[in-house]
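In: Generate a structure from the sequence data that follows.
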Amino acid sequence: MSLNTLQENASRLGMRLQESFSEHTRDLAIGKPSGASFFDTAEDKVKNIRRQLDSSQDREKLEGMKRLIAMISKGRNVSEFFAQVVKNVASSNLEIRKLVYIYLLRYAEHEPDLALLSINTFQKDLADPNPLIRAMALRVLSGIKVPMVGSIVALGIKKCAADPSPYVRKAAALAIPKLYSLDPSHLISLEPVLLSLLRDRSPVSVGCVAVAFSAVCPHRLDLLHSHYRRLCRILVDADEWGQVSLMDLLLRYARHMLTKPPDFEEDRSDIDPDIQLLLSNSAPLFQSRNPAVVLSACRTHYSLAGKHHLPLIVPPLLRLTHAAPSPQVERVVLAYLVFIARESPSHFVHQPTRFFIRSCDVPQTKRAKMKILLSIIGPENVQTLIREFTHYATDTDDQLVADSIHAIGRCARAVPDSNKQCLTALMSFIQSDHDVVVSNAVMVLKSLVQSQLSTRPPSLLDPTSGSKAPLHIISRLAYKFDEVRHPSARACILWLVGQYAGRTEASVNSATSIEGVTDWAPDTLRKVAKNFSQEASVAKLQAVTLAAKLLVLNPTHHVLRLLSRYVFSLARYDLDYDVRDRARTISCLLTGVAPALPPGAVEEGDFADEQGSVVLRREQVKNVLFVGKAEMPDSEPVTVEIDFLGSLGVLLGKDLPGHRHLPDWLEEGTVSSLRNTEDDTAPVHVYTQRALQNIAVPSHITTPIVLTPGAPSPVSSFTQGGKWTDLDLDKFYDDDDSEDDSEEEEESGEDIQDTALQETTPQSDDGDESEEEDSEEVSEDDGIRRDDRVSTSRQEDW
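Out: Sure thing, here's the model as predicted:
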């Protein structure tokens, strides 16, 4: 044979080996990540899926189905392959059938007509030996949204509800709400199935049964009477999401059927044992790794026990704030904490650092933490919180900056001793270059100054009393008026200047002072009049009011009259009708103080009717403009009263219409005997029964005997010939020893007879067991007699 022939044969053999090796190791995906090739959605491979599904080889079909499931996981619509997938629903390959069912679960609702073609296969699969196939067949049947298959689905649910596999029973429970939503007329046939599932003792299906009960008959809580205590005990063993549904169901039952517990501060002993059973069995769920379970447990304890269980509720929630798997979970947990902090802030006063805002927090989390910090302000932590709020004022988030500055004002109102530190921080914010910081600082200073001036006597309002005096703060704000850009902040300064412009007398030595008016008030009016047309409407309204107040304080000053006339002239022809109405009203009010204020008013006849009516004097106009305007308004935020922890209203801050609330407590709950079952009666232990049987009581002893050494017992009695006689203690012990000897002789005789009987009969396992039991009983009797003798000898020695 030539060398070339050998080389050709070797190359052919190598190619065949390579093809065979690649064919047999194709499913192993050697050299690439497992399953990574199925996520390759190239067009040529997508077009090849249809051919693979129509192939006669299971390997090709399996690869095509895996590629389809991979495309579904990436969010791609693959409903065009529905007809090819349905053909493989009766495949003998278990892996292919599983993937086909997963596909049908996704698209059966969109293609109900094509899904009906394989409904016979689904019915046959309900009797498949594999419980996974039975469960998935029922899931696909219940997922076909066609009313005509409702009866078939009902029969499938009834069959699977009695299945020995708990996984199949779980699928039957989940199919009940689907059938009920498809056709509510099946409710009558579904109730017996639901009751049979409620008797299921498997923790695998109990959570889904609770879901089905809440969806089908949420108001038939009377059906849970005989199952309540067993469901409470099985709560810990259920799956995580089943625990959430089961706790919700048991909570509604407790609120609707059990007696309202008393005030725990007054009496803790009268709580219903069934409520205590639910609380004790749900307490271990505080340590669950699932945040939903922890939140549901907190809601259950708060709804049943109230504020008394807050020491148990708060630590798990604080743990979740630092161990939350996502910002969304942290936001929900913080919403719970905001609710609790408003109800009972004492649980968080000494740990404000847990709610300090981080730079990586989302805006919703920042606002929730700020609400908690505002709720726990107190003398114990006010210094720490002021420093923290001052730091937040330098953040890049404008909303957080505004909230932190307003929080400093809240600290000053909640703890009056911190006024000096708060005012120092707020006055430093006025020097900032950021408009958000300056404007919010001005608005907070306005509220603080207004509150101080409304409570202090006039003798303490001298601006020379210090840099933190209210009037000194107003003068600082008036001089900084041009540097403030925010319209609301400028309006606050104008209101402060006008309201407190006449509080002190002007200095006599000042050549530029105006009688009855502070030095900084006319200059502020000049600044706002210079750019009146460029101001916002809110600032224009306060400018008109400021001009009227200064004119009332000194109506004879020529400069004030000219400034006021100029401001009213601009306001009269402003584009905003609110400004025009304000100018018209105040100019008519000032008719008795400055008759020639509105230029040409009399000639044009605009105010002729008003001028011909009542004219107020200067003191009357002053009362109208000043009196009653300096009271401090309620600055506390208005919160919606939501007493339902766990509702969506706690997260959104408002109650939602149509939300299902917890039922109200009953003054007197249902009878406790309705919840009694056989499980509640504790059986007597086997060992206890055997010990009671082995104790032999002498037949001649009818009453208790009190033994006294060396003397007759006054209470010991024996029957001899129907008469009662008193015996000596020594004589009693002698009789007892003789009886023991006679009993031992009888037992030895019985043992000899048993030995002879065993020699004549064949040995068996049952005989061995009975022998052992007899020996155990004899040893127990000997032990009892031995103990009696020891105790008797001790009494004789004594």
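
In: for this protein, which spans come out with low pLDDT?
Out: 1-2, 19-45, 263-269, 455-468, 503-513, 595-613, 629-644, 655-660, 679-798 (pLDDT under 70).

In: Could you pull out the strands in it for me?
Out: Using DSSP state E, the strands of the chain run over residues 718-720, 723-725.

In: Quickly note the distance from the spatially most central residue of the chain to Pro261.
Out: Nearest residue to the geometric centre of the chain (Cα atoms, centre = their mean): Leu295, 4.1 Å. Note on Leu295: its distance to Pro261, by Cβ to Cβ, to the nearest Å, is 22 Å. C-beta coordinates here come from the backbone N, C-alpha and C atoms, glycine included.

In: Likewise for Val100?
Out: Counting by Cβ to Cβ, the gap from Val100 to Pro261 is 53 Å.

In: out of these two, which sits in the busier spot?
Out: Val100 (27 against 20; other Cβ atoms under 10 Å).

In: Hmm, Gln84 and the more buried one touching each other?
Out: No. If you go by Cβ atoms under 8 Å, Val100 and Gln84 don't touch, sitting 10.3 Å apart.

In: quick one, helices of the stretch 451-600 of the chain?
Out: Counting by DSSP state H, counting those that start in this stretch, the stretch 451-600 of the chain has helices at residues 470-479, 487-499, 520-530, 537-553, 558-572, 577-589.

In: Not counting sequence-adjacent ones, nearest residue to Asp435?
Out: Leaving aside its sequence neighbours, Asp435 sits nearest to Arg485 (Cβ to Cβ, 6 or more residues apart in numbering; 4.5 Å).

In: can you pull the contacts of Leu221?
Out: Contacts for Leu221 (Cβ atoms under 8 Å, 6 or more residues apart in numbering) come out as Arg252, Tyr253, His256, Met257.

In: Now stretch 236-244: buried residues?
Out: Ala238, Asp239, Gly242, Gln243, Val244 (16 or more other Cβ atoms under 10 Å).

In: Just the residues contacting it, thanks.
Out: Contacts with stretch 236-244, where a contact means Cβ under 8 Å, 6+ apart, come from 203-204, 206-208, 210-211, 235, 246, 281, 284-285, 288-290, 292-293, 296.

In: at 7 Å instead, please
Out: With contact meaning Cβ atoms under 7 Å, 6 or more residues apart in numbering, stretch 236-244 is reached by 203-204, 206-208, 210, 235, 246, 281, 284-285, 288, 290, 292-293, 296.

In: PyMOL command for the buried members of these?
Out: With 16+ other Cβ under 10 Å as the burial test, the buried ones among these are selected in PyMOL as follows:
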select buried, resi 203+204+206+207+208+210+235+246+281+285+288+293+296
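
In: among the contacts of stretch 236-244, which two are most distant?
Out: Maximum pairwise distance among the contacts of stretch 236-244 (Cβ to Cβ): 21.4 Å, between Cys208 and Pro284.

In: Tell me the backbone dihedrals of the residue nearest to Asp435, please.
Out: Backbone torsions of Arg485, given as degrees, to the nearest 10, read phi -110, psi -30.

In: quick one on the thing from earlier: just to be sure, which of the contacts of stretch 236-244 are found in helices?
Out: Val206, Gly207, Cys208, Ala210, Leu246, Asn281, Ala292, Val293, Ser296 (DSSP state H).

In: I'd assumed Leu249 was in contact with the fourth one.
Out: Pointing back at Ala210 there. Yes. With contact defined as Cβ atoms under 7 Å, Ala210 counts as touching Leu249 (4.5 Å).

In: before we move on, back to that, as TSV, the helices of the stretch 451-600 of the chain with mean neighbour count and distance to Thr396 would be great.
Out: As requested, the helices of the stretch 451-600 of the chain are exported to TSV (neighbours: other Cβ atoms under 10 Å; distance: least, Cβ to Cβ, whole Å):
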stretch	mean neighbour count	distance to Thr396
helix 470-479	20	26
helix 487-499	23	20
helix 520-530	19	31
helix 537-553	24	27
helix 558-572	18	39
helix 577-589	18	35
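
In: Apart from its neighbours in sequence, what residue is nearest Asp576?
Out: Take Asp576 and drop its neighbours on the chain: the residue closest to it by Cβ to Cβ, 6+ apart is Ser537, 4.6 Å away.

In: ok, now Ile271?
Out: In space, and not counting its chain neighbours, Ile271 is closest to Pro261: 4.6 Å by Cβ to Cβ, 6+ apart.

In: Now do the same contact list for the one you found.
Out: With the criterion set at Cβ under 7 Å, 6+ apart, Pro261 makes contact with Ile271, Asp272, Ile275.

In: The same query, at a cut-off of 8 Å, please.
Out: Going by Cβ under 8 Å, 6+ apart, Pro261 touches Asp270, Ile271, Asp272, Ile275, Leu304, Ala305.

In: If any of these are buried, put those into a ChimeraX selection.
Out: Buried residues within those, by 16+ other Cβ under 10 Å, are selected in ChimeraX with:
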select :271,272,275,304,305
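
In: Let me know the closest of the contacts of Pro261 to Leu666.
Out: Asp272 (10.6 Å).

In: I'd like to know how far that closest one sits from Arg255.
Out: Taken as Cβ to Cβ, the span from Asp272 to Arg255 is 12 Å.

In: do Cys492 as well
Out: For Cys492, the distance to Arg255 (Cβ to Cβ) stands at 49 Å.

In: show me what contacts His347?
Out: Leu310, Pro311, Val314, Ile340, Ala341.
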